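In: what would the 3D arrangement of this be:
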Amino acid sequence: MNIVILAAGMGKRMHSALPKVLHPLAGKPLLSHVIDTARTLSPRRLVVVVGHGGEAVREAVGAPDVQFALQAQQLGTGHALAQALPLLDANVPTLVLYGDVPLTRASTLRRLVDTAGQNGYGILTVTLDDPTGYGRIVRGAAGQVERIVEQKDANDAERKIAEINTGIVVTPTAPLAGWLAALRNDNAQGEYYLTDVVQAAIAAGHPAVTAQPDAAWETLGVNSKQQLAELERVHQHNVAGALLVAGVTLADPARIDVRGSLTCGRDVFIDVNCVFEGEVTLADNVSVGPNCVIRSASIGAGTRVDAYTHIENAAVGANAVLGPYARLRPGAKLADDVHVGNFVEVKNANIGVGSKANHLSYVGDADVGAGVNIGAGTITCNYDGANKHRTIIEDNVFVGSDTQLVAPVRVGRGVTIAAGTTVWKDVPQATLVLNEKTQIVKTGYVRPVKKKN
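Out: This next block holds a predicted model:
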């Protein structure tokens, strides 16, 4: 089949300079959700019709398998589809989707395509308790679809119809050019409606058939920030439900946001207000405390991530302890049994098995061996104002509090670094390194007092 995604609308009610179809839902543009679903159907041609903000849309979703058609003037859905015709294969049906309807399941679309077959004109419909605002499906006495009437053009009897048109259709492609060319815009909107094509299809001997989704939310579109927020909650509710079915324990399913993919092992616990972005993997028995942000990371089995910890593009081994208030930046790689505590930042660094940095430290551009203790207030001074340099700390080093390691520098195995030391030269194995200091004590000192006004 061909798939055409209509994505040319301006989205005035979004009150934003960003094209409507590029507004994010679950961390990626609305249009990207639609394209990803379309790809699962293996279309012969995949065409996106752009208009408002077309260059931004092309840049955001451009790919070798995506072609673009331009609708320079927004004259209705029928006019938009006509712009894609030169890019379609006339020998297969065309499925029409919308760039602002992000949650339609592939299974629903397959059902519609199968129902229509090669010759039918398939319409995805939904029956609503309140159909206000939607085009109605008008059926004949025998139940056959006769036409679709828009809300603004419907009479009182037609407005009572509960079955509505979602806009998603599958149509034979070869006769489509003639049907679209025959459309008229003498309606309340002054537009060329794709919905009017159904009558032409029926007249040409292509039966109009319908299918419905499993859930009405699959067909909901976005025209405002309110609707975007509502769909975000629908999506996150579905994600949370799938996690629960898979055995993940969620402290509150209403307070988790997954903006990408989250893969969990057995007996994983996730506390409230956690955000997962990109591809995140949590192995067996991982526990994630409240208010954590984990982006594009893997967390090993048995690791505990305490509250307010931020992890980005990092890999953590098994049985580690992170946080609270820890930060792992891109390139951080932690081995098994590592502890990274409160207000500790790790960036582009490898930390070996069983090493600990429990308090108020920065470890950047470093290779830290196994069994290393990094005292509070330790800093790897990796930047000279122009270039980054690397710090190497070998196994079983004890780093005292308030230590600065000025890179490039290597600290040998088994070294003890006294508190308050600045290390700027390589240190040989099994030695004590410190900066000699003189402590002066003065008697008779009078502490200043605050002057009274």
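
In: can you list the domains in this protein?
Out: Per the record, the chain has its domains at 2-219, 246-316, 329-453, by automatic domain parsing.

In: could you measure from Arg410 over to Ile168?
Out: The span separating Arg410 from Ile168 equals 63 Å under the rule C-beta to C-beta, to the nearest Å. Where you see a C-beta, it was placed from the backbone N, CA and C, and this is true even at glycine.

In: equivalent analysis for Lys152, please.
Out: Distance from Lys152 to Ile168, counting by C-beta to C-beta: 20 Å.

In: neighbour count for the two, which is higher?
Out: For Lys152 and Ile168, the more surrounded residue by other C-beta atoms under 10 Å is Ile168, and the numbers stand at 22 against 10.

In: nearest residue to that one in space, please, no chain neighbours.
Out: Distance criterion C-beta to C-beta, 6 or more residues apart in numbering; nearest residue to Ile168, sequence neighbours excluded, is Leu124 at 4.0 Å.

In: ok, now Thr249?
Out: Take Thr249 and drop its neighbours on the chain: the residue closest to it by C-beta to C-beta, 6+ apart is Phe269, 4.6 Å away.

In: wait, the one you found touches Val288, no?
Out: Yes. Contact status for Phe269 versus Val288: in contact at 6.9 Å, counting by C-beta atoms under 8 Å.

In: settle it for me: which of these two has more neighbours?
Out: Val288 (28 against 16).

In: dump the residue contacts of the closest residue to Trp424 other than its chain neighbours.
Out: The spatially closest residue to Trp424, leaving aside those adjacent along the chain, is Val406, at 4.1 Å (C-beta to C-beta, 6+ apart). Neighbour list for Val406: 381, 422-424 [criterion: C-beta atoms under 8 Å, 6 or more residues apart in numbering].

In: retrieve the pLDDT associated with Val406.
Out: Per-residue confidence at Val406 stands at 97 (pLDDT).

In: what's the spacing between it and Met10?
Out: With the distance defined as C-beta to C-beta, Val406 ends up 56 Å from Met10.

In: ditto for Leu128
Out: Computed with C-beta to C-beta, the distance linking Leu128 and Met10 is 26 Å.

In: then Val239?
Out: On the measure of C-beta to C-beta, Val239 and Met10 end up 30 Å apart.

In: of the two, who's got more company?
Out: Val239 (19 against 12).

In: name the helix or strand for that one, please.
Out: Following DSSP states H and E, one finds Val239 within helix 225-245.

In: other SSEs contacting that helix?
Out: Here helix 225-245 touches strand 24-25, strand 249-250, strand 256-264, going by 3 or more C-beta pairs under 8 Å, 6 or more residues apart in numbering; DSSP states H and E.

In: give me the pLDDT value at the closest residue to Lys356 other than its chain neighbours.
Out: Closest residue to Lys356 in three dimensions, ignoring its sequence neighbours and counting by C-beta to C-beta, 6+ apart: His339, at 4.1 Å. Confidence at His339, expressed as pLDDT, is 98.

In: state the helix or strand in which Leu6 lies.
Out: Here Leu6 sits within strand 2-7, counting by DSSP H and E.

In: pLDDT (mean, whole number) over that strand?
Out: Throughout strand 2-7, pLDDT has a mean value of 98.

In: strands paired with that strand, and their directions?
Out: Counting by DSSP bridges, the strands paired with strand 2-7 are strand 45-50 (parallel), strand 94-98 (parallel).

In: and the next element down the chain from the last one?
Out: To tie it back to what came earlier, the one meant is strand 94-98. Counting by DSSP H and E, the element after strand 94-98 in chain order, helix or strand, is helix 106-116.

In: give the buried residues for that following helix.
Out: Neighbour-count burial for helix 106-116 flags 108-109, 111-113, 115-116 (criterion: 16 or more other C-beta atoms under 10 Å).

In: what's the spacing between that helix and its chain's center?
Out: If you compare the mean C-alpha spot of helix 106-116 with that of the full chain, they lie 26 Å apart, counting by C-alpha atoms, centre = their mean, to the nearest Å.

In: ok, now stretch 60-80?
Out: Distance of stretch 60-80 from the chain centroid (C-alpha atoms, centre = their mean) equals 23 Å.

In: can you check stretch 275-283 too?
Out: For stretch 275-283, the gap between its own C-alpha mean and the chain's C-alpha mean amounts to 11 Å (C-alpha atoms, centre = their mean).

In: then stretch 288-303?
Out: Relative to the chain's own centre, stretch 288-303 is displaced by 16 Å; criterion: C-alpha atoms, centre = their mean.
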